[in-house]
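Student: Starting from these lines, generate the structure:
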Amino acid sequence: MNDQPTNNPCPKEACACQQGPKKSSRRDFLLMVGFGLNAVANLQLERLRTMPEGQIFNRITYGFNTMGEYGQQVTVEDRWAIIAYIRALQRSQNAKIDDVPQQMRASLDTLPPPNRGQEIKK
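Tutor: Numbers count the residues shown, from 1 in each chain. Here you go, the predicted structure:
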């Protein structure tokens with residue numbers, strides 16, 4: 001059973017083998033691919049952005065290619081939460097001005113720019 005809290009959409013043990021260590025290098029990536037292992041999928045590809053949610057659910061449950069199956073480790077509720085999280089990330093990276101309701105577009109000009117990893121000065 002998964003002891004991760006259900007408010008975490010991507011349990012650490014379920015994603016670690018797909019995302020690799022935090023400090024992975026280009027060399028590690030090339031070695032992995034060189035030995036015939038598939039690279040981690042880019043979830044921003046059009047074919048993955050348009051993939052039905054049920055197919056993603058099935059791949060999380062039963063695995064696909066080098067991704068193992070996680071049906072026993074990740075609850076059904078958490079699998080749907082992971083899919084919702086993926087969809088939110090995909091949408092955030094592919095947003096268009098038409099996605100913003102007309103009455104809210106004027107407020108976009110008043111928002112501060114996003115913090116790009118810089119500390120906020122007080």
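Student: Scan this structure for its longest helix.
Tutor: Determined from DSSP state H, the single longest helix within the chain is helix 76-93.
Student: Tell me the first helix or strand C-terminal of that helix.
Tutor: Counting by DSSP states H and E, the next helix or strand C-terminal to helix 76-93 is helix 105-108.
Student: can you list contacts of that next one?
Tutor: 97, 100 (CB atoms under 8 Å, 6 or more residues apart in numbering). Heads up, the C-betas are built off the backbone N, CA and C, glycines and all.
Student: now stretch 49-60
Tutor: Contacts of stretch 49-60 (CB under 8 Å, 6+ apart): 43, 67, 70-71, 74, 79-80, 82-83, 86-87, 90, 94.
Student: Buried among those? Make that a ChimeraX selection.
Tutor: Buried members of the contacts of stretch 49-60, defined by 16 or more other CB atoms under 10 Å, are picked up in ChimeraX with:
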select :67,70,74,79,82,83,86,90
